[in-house]
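Novice: structure for the following, please:
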Amino acid sequence: MSTQVLYPTEVVAYRYGADQQVVIIAKGREDGYCKIQIQASMATIYPPIYMVTAEPCAAIGNFPYTVQKTVPYSTDLDYVNFQMADGTRQIPIHDIMEAADSPKALAKVADNQVTGMAYNSSDINVAIADAIKKLRAKYPNGVSAKMVDSGFVAVGSPVGIAYYYVVMEQQS
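Specialist: You can find the predicted model right below:
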């Protein structure tokens, strides 16, 4: 089947502090499309342009959709390029730590601590794996850590992004 570009009505992007990943969420309404997803354009440009794509199918009716994708992204950029009906727009990246209901413990992570995130997931294993990856990068000679905090937070209206987090501390 041929993939076609769809044009969402709303796009938001979130990042946790200086994390090198961004969560992109797009919302819209379409008639007759399945397998709706966010993907990067085929053009090899920097920064990439993201878009919503889908395959035509026999779904009859104008249905709302919400799609999301977590992508590796440079911390030097504070926007994501996204293809909309009126052309490419720069979507600002919101730091989820700036939300009023973000846990204060995440804002005060010590030098020997890292935060692992499971974006739009309640899977603690994903958050722990992310924290261990960050600990291994920070302590290449070995990791011996314990979890000192964890929790689940929803940010946005009604819920733009939800995430499970863990704070892990390297032991001396």
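Novice: every contact and neighbour count from this point should use C-alpha atoms.
Specialist: Will do.
Novice: mind giving me the domain split of the chain?
Specialist: 4-95, 99-170 (automatic domain parsing).
Novice: any idea which of the ones you listed has the lowest pLDDT on average?
Specialist: Averaging pLDDT over each of the domains of the chain singles out domain 99-170 as the lowest, with a mean of 82.
Novice: just to revisit the earlier point, can you put the domains of the chain in TSV and add mean neighbour count?
Specialist: Output for those, formatted as TSV (neighbours: other CA atoms under 10 Å):
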stretch	mean neighbour count
domain 4-95	16
domain 99-170	17
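Novice: confirm that residue 130 sits in a strand.
Specialist: No: inclusion of residue 130 in a strand is not indicated when DSSP: H, G, I helix; E, B strand; the rest coil is applied; the result is helix.
Novice: which residues sit in contact with it?
Specialist: Taking CA atoms under 8 Å, 6 or more residues apart in numbering as the contact definition, residue 130 lies against 115-118.
Novice: one more time with 6 Å, if that's ok
Specialist: Contact criterion CA atoms under 6 Å, 6 or more residues apart in numbering gives residue 116 as the residues in contact with residue 130.
Novice: and for residue 85?
Specialist: Remark: with contacts taken as CA under 6 Å, 6+ apart, residue 85 is in contact with residue 7.
Novice: same question for residue 146.
Specialist: Contacts were defined as CA under 6 Å, 6+ apart; by that measure residue 146 touches 168-169.
Novice: repeat for residue 13
Specialist: Under the contact definition (CA under 6 Å, 6+ apart), the residues listed for residue 13 are 23-24, 93.
Novice: for the residue nearest to residue 24 when sequence neighbours are not counted, phi and psi?
Specialist: Computed as CA to CA, 6 or more residues apart in numbering, the closest residue to residue 24 that is not its neighbour in sequence is residue 13, at 4.4 Å. Note on residue 13: backbone dihedrals following degrees, to the nearest 10 are phi -140, psi 140.
Novice: leaving out sequence neighbours, find the closest residue to the most centrally placed residue in the chain.
Specialist: The structure's the chain has its C-alpha centroid closest to residue 23; by CA atoms, centre = their mean the separation is 1.7 Å. With CA to CA, 6+ apart as the criterion, residue 23 has its nearest non-adjacent residue at 4.3 Å, and that residue is residue 70.
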